[in-house]
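>>> mind looking at a prediction? Sequence and model below.
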Amino acid sequence: MRRWAIPVAAALAASALQAGPAQAGVVRAQAVRAGTAQAAPSPVTALERHFTEHTGLRVSDVGRMYRDGKAVVTIWRKGRVEFDASGVYATDTTGRTEAGRGAVREFEHLIGRRLGSTRVICFPNEAYLSGPGYETWLPEGKSWLGLIGPANIKQTAAFPQIVNVFEPATLGTLLSRAAVRKKLASGTYHQGAVTLRTLYAVSPSFRDRLAGPPKGKDAKITVGFRLWLDRSNLPRRLTTTWKQPVPGTPKRPTVTVADTRYTGWGAEVVLTPPPPEDTADAGRVGGDLSPPPTLPVG
């Protein structure tokens, strides 16, 4: 579509040279609008154009799970994402999980220093973890725990965000389910909802989180979303909200809210594994080692 922008704008500008001053101003304005309208590709196309080796962006998000109106779990995460020709190739994120809302940060302020966070570096078939909770599994002199598993990269690319906008099909589904669309000075705003059944059908990373497709009432659970796109039609913010019933107390579901920001699209990103001499193979640390429960947190 872009290849038509220059000829159309040029033709309008040329006609302006043959018109009077007032008419020329109108024609020039039309030329600018024509070029601008053709400049931005569709959101899915804009995303796929960034699927280039060593290209990426930064992400930061916070997710909170509420029960009876109070936050019971809070997750913070920030880091970088690297693409290749097929999509997300690698992620390097630092994050932490705490009970409640803000208790850890208040304690850090009180003692005058920051507590440790978990860092996760993921590639298609391997992940490396470092931080509180992993030291007891590491031999002396090692600071990284290495894990093998193709699902690692897909999970950490989205968590704590349940919706992965780095998947073209998932992004396209959100846009098609938007009930509200608004133009903004900074881009566009889209608001709507999608069921877990639909999300499972279109999102590979969401399928990797579950043992099987959601069934019955679970399949009908809706994920409300608000998506902001920039002027280039690339995601710059996504918030999602969804309720999950709690066994035994169906009238007191948990409510999860995730807010993710995307910045620096098109930046050069080259992620590398930690040095081998600092890494311990999880398969050799101990026979009773199970995957850490915080693996998807990043």
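It's in. Numbering: from 1, shown residues only.
>>> tell me the phi and psi of the nearest residue to residue 172 once chain neighbours are set aside?
Spatial nearest neighbour of residue 172, chain neighbours left out: residue 44 (4.9 Å); criterion: Cβ to Cβ, 6 or more residues apart in numbering. (Glycine included, C-beta is placed from N, CA and C.) Dihedral pair for residue 44: phi -70, psi -40, per degrees, to the nearest 10.
>>> how near is residue 44 to residue 223?
Distance check for residue 44 against residue 223: by Cβ to Cβ, to the nearest Å, it reads 19 Å.
>>> likewise for residue 137?
When residue 137 is compared with residue 223 (using Cβ to Cβ), they lie 34 Å apart.
>>> ok, back up a step: which one's more surrounded, residue 44 and residue 223?
For residue 44 versus residue 223, the count of surrounding residues by other Cβ atoms under 10 Å is larger for residue 223: 22 against 16.
>>> for that one, give its distance to residue 280.
From residue 223 over to residue 280 (counting by Cβ to Cβ), the distance is 38 Å.
>>> which parts of this structure are helices?
Using DSSP state H, the helices of the chain run over residues 5-17, 21-39, 43-48, 103-111, 151-158, 168-176, 196-202, 204-209, 216-219, 282-285.
>>> which residue ranges of the protein form strands?
For the chain, applying DSSP state E gives strands covering 55-67, 70-84, 87-99, 118-123, 126-130, 144-148, 178-184, 187-195, 222-230, 235-246, 249-268, 279-281.
>>> now those strands in TSV, with distance to residue 203?
Below are the strands of the chain laid out as TSV (distance: least, Cβ to Cβ, whole Å):
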stretch	distance to residue 203
strand 55-67	17
strand 70-84	16
strand 87-99	12
strand 118-123	17
strand 126-130	20
strand 144-148	22
strand 178-184	17
strand 187-195	10
strand 222-230	11
strand 235-246	12
strand 249-268	14
strand 279-281	31
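>>> can I get these in JSON lines with distance to residue 163 and mean pLDDT?
What follows is the strands of the chain, written out as JSON lines (distance: least, Cβ to Cβ, whole Å; pLDDT from 0 to 100):
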{"stretch": "strand 55-67", "distance to residue 163": "11", "mean pLDDT": "94"}
{"stretch": "strand 70-84", "distance to residue 163": "15", "mean pLDDT": "91"}
{"stretch": "strand 87-99", "distance to residue 163": "14", "mean pLDDT": "88"}
{"stretch": "strand 118-123", "distance to residue 163": "18", "mean pLDDT": "90"}
{"stretch": "strand 126-130", "distance to residue 163": "21", "mean pLDDT": "89"}
{"stretch": "strand 144-148", "distance to residue 163": "25", "mean pLDDT": "86"}
{"stretch": "strand 178-184", "distance to residue 163": "13", "mean pLDDT": "97"}
{"stretch": "strand 187-195", "distance to residue 163": "8", "mean pLDDT": "98"}
{"stretch": "strand 222-230", "distance to residue 163": "6", "mean pLDDT": "98"}
{"stretch": "strand 235-246", "distance to residue 163": "5", "mean pLDDT": "93"}
{"stretch": "strand 249-268", "distance to residue 163": "8", "mean pLDDT": "92"}
{"stretch": "strand 279-281", "distance to residue 163": "32", "mean pLDDT": "89"}
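>>> in contact with residue 240, which residues?
By Cβ atoms under 8 Å, 6 or more residues apart in numbering, the contact set of residue 240 is 161-163, 223-226, 256-258.
>>> which two of these have the greatest separation?
Of all pairs drawn from the contacts of residue 240, the greatest distance, 14.5 Å, lies between 226 and 256 (Cβ to Cβ).
>>> ok, the two, which is more surrounded?
Shown here are residue 226 and residue 256; by other Cβ under 10 Å, residue 256 has more neighbours (19 against 16).
>>> kindly state the beta-bridge partners for the nearest residue to that one once chain neighbours are set aside.
Counting by Cβ to Cβ, 6+ apart, residue 65 is the residue found nearest to residue 256 once chain neighbours are left out, at 4.9 Å. The partner list for residue 65 in beta bridges (DSSP bridges) reads residue 73, residue 256.
>>> how far away is residue 65 from residue 87?
For residue 65, the distance to residue 87 (Cβ to Cβ) stands at 28 Å.
>>> likewise for residue 193?
On the measure of Cβ to Cβ, residue 193 and residue 87 end up 25 Å apart.
>>> list the contacts for the residue nearest to residue 256?
71-74, 254-256.
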